[in-house]
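A.B. asks: next come a sequence and a model predicted from it.
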Amino acid sequence: MSRLTVRSSTPLCLLQDAGRFGVRHLGVTQGGSLDWVSMAWANKLLSNPLGAPVIEVTLGGLTLIAESDCCLALAGADLGAMLDDRAIAPWRSFFMRKGQQLRFTQPICGARAYLAAPGGFDALGVLGSCATVGREGLGGLDGSGNALREGDQLTYSGASFELHRLPDHLIPNFTEPRPLDVVLGAQIGQFSGLSLFDAFNSDWTLDSRADRMGQRLLGPELVYQGKPMISEGIPLGAIQVPPDGQPIVLLNDRQTIGGYPRLGALTPLSLARLAQKLPGSGVRMRAVVKEVAHREQVGCLQQLGRSL
């Protein structure tokens with residue numbers, strides 16, 4: 001068994017996996033990695049199951065010490081990772097010798113990096129997952145929903161002796177100004193015509209009021225003209241419009257039900273790209289039919305299933 005020791009951390013450094021499923025009827029949210037694509041590639045670089053437990057590092061601030069020689073993999077944002085005094089770029093695996101220090105300093109490109117270990121990090125599973133959801137007190141190393149803290153011991157039992165690098169054509173471009181794809185929802189026809197035009201033809205700014213529950217978008221006021229709603233189930237990526245008219249994209253740690261009208265929901269691939277946007281970034285939205293969203297999702301999963 002190999003071990004890493006946490007020398008320093010922040011509340012935004014979390015143990016995550018693919019999330020909890022089949023439990024929303026209990027009022028338990030999904031959790032899991034916000035950028036599921038980067039998580040999957042980090043695991044793929046080590047031949048792990050794509051949903052194996054990883055460390056999600058948001059904006060930096062994590063320092064780890066190797067207690068033995070190991071091989072790890074890094075994918076997602078470039079957070080200025082340093083192995084002692086040597087820079088480590090994402091989208092590759094790398095060797096870390098006993099006593100070496102791995103630091104994530106600050107965002108250079110993207111917001112969230114994913115660190116994987118052979119076989120996945122060991123953690124106590126709760127309701128089928130170790131995904132950390134602090135609000136519900138679930139997941140993490142001990143199952144109580146805590147973020148990584150100084151002194152924590154991260155263990156894993158797998159081994160990897162080969163280095164791999166993701167080919168350039170497979171590396172996501174986090175700076176690409178591609179619109180976020182939206183599958184339209186049941187209440188779409190009850191927004192004003194001007195609101196629908198603005199929603200899909202305006203620039204939106206990511207508000208600093210954001211967490212793993214949701215991301216607020218700032219832009220034109222959207223006006224809902226329908227009747228008050230009864231609370232209903234909330235899917236991942238749902239775009240709720242509260243009375244102030246500023247949309248909120250609901251993320252992995254969202255509430256399980258809600259009563260605000262919805263424009264629709266972001267596709268899973270668009271959610272992964274949104275997770276890498278920093279506050280103040282500009283985005284646009286584009287309506288797509290579910291057949292297009294499904295085809296792109298299947299294509300991504302097929303790519304992840306192929307050998308590197």
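C.D. replies: Okay, I see it.

A.B. asks: show me the contact partners of stretch 236-244.
C.D. replies: 30, 182, 185, 191, 214, 221-222, 224, 234, 247-252, 254, 258, 260-268, 270-271, 285 (CB atoms under 8 Å, 6 or more residues apart in numbering). For every residue, glycine as well, the C-beta is placed using N, CA and C.

A.B. asks: now intersect the residues you listed with the strands, please.
C.D. replies: Among those, the members falling in strands (DSSP state E) are 182, 214, 248-250, 258, 262-266, 285.

A.B. asks: report pLDDT for L196.
C.D. replies: L196 is assigned a predicted lDDT (pLDDT) of 96.

A.B. asks: so it sits in a helix?
C.D. replies: Yes: the assignment for L196 by DSSP: H, G, I helix; E, B strand; the rest coil puts it in a helix.

A.B. asks: how many other residues sit next to it?
C.D. replies: Using other CB atoms under 10 Å, L196 is surrounded by 17 other residues.

A.B. asks: roughly how far does it sit from L263?
C.D. replies: 8 Å (CB to CB, to the nearest Å).

A.B. asks: joint contacts of the two?
C.D. replies: Jointly contacting L196 and L263 under the rule CB under 8 Å, 6+ apart are I188.

A.B. asks: just the buried members of the contacts of stretch 236-244?
C.D. replies: Listed as buried from those are 30, 182, 185, 191, 214, 222, 224, 234, 247-252, 254, 258, 260-268, 270-271, 285; burial here means 16 or more other CB atoms under 10 Å.

A.B. asks: quick one: contacts for A42?
C.D. replies: Here A42 is in contact with 54, 73-76, 114-116 (criterion: CB under 8 Å, 6+ apart).

A.B. asks: 7 Å instead?
C.D. replies: 54, 73-75, 114-116 (CB atoms under 7 Å, 6 or more residues apart in numbering).

A.B. asks: farthest pair within the residues you listed?
C.D. replies: Within the contacts of A42, V54 and L74 form the most distant pair, 9.9 Å apart (CB to CB).

A.B. asks: mutual contacts of the two, please.
C.D. replies: Both V54 and L74 are contacted by 42, 115, under the criterion CB under 7 Å, 6+ apart.

A.B. asks: got any ranges where this protein has weak pLDDT?
C.D. replies: Low-confidence segments of the chain, defined by pLDDT under 70, are absent.

A.B. asks: let's see it at 90
C.D. replies: 1-2, 158-161, 209, 306-308 (pLDDT under 90).

A.B. asks: could you pick out the longest helix of it?
C.D. replies: helix 290-305 (DSSP state H).

A.B. asks: which parts of it are buried?
C.D. replies: 293, 296, 300.

A.B. asks: contacts only, for the last one.
C.D. replies: Taking CB under 7 Å, 6+ apart as the contact definition, C300 lies against 37, 269.

A.B. asks: please apply the same query to V133.
C.D. replies: V133 touches 29, 31, 139, 145, 253, counting by CB under 7 Å, 6+ apart.
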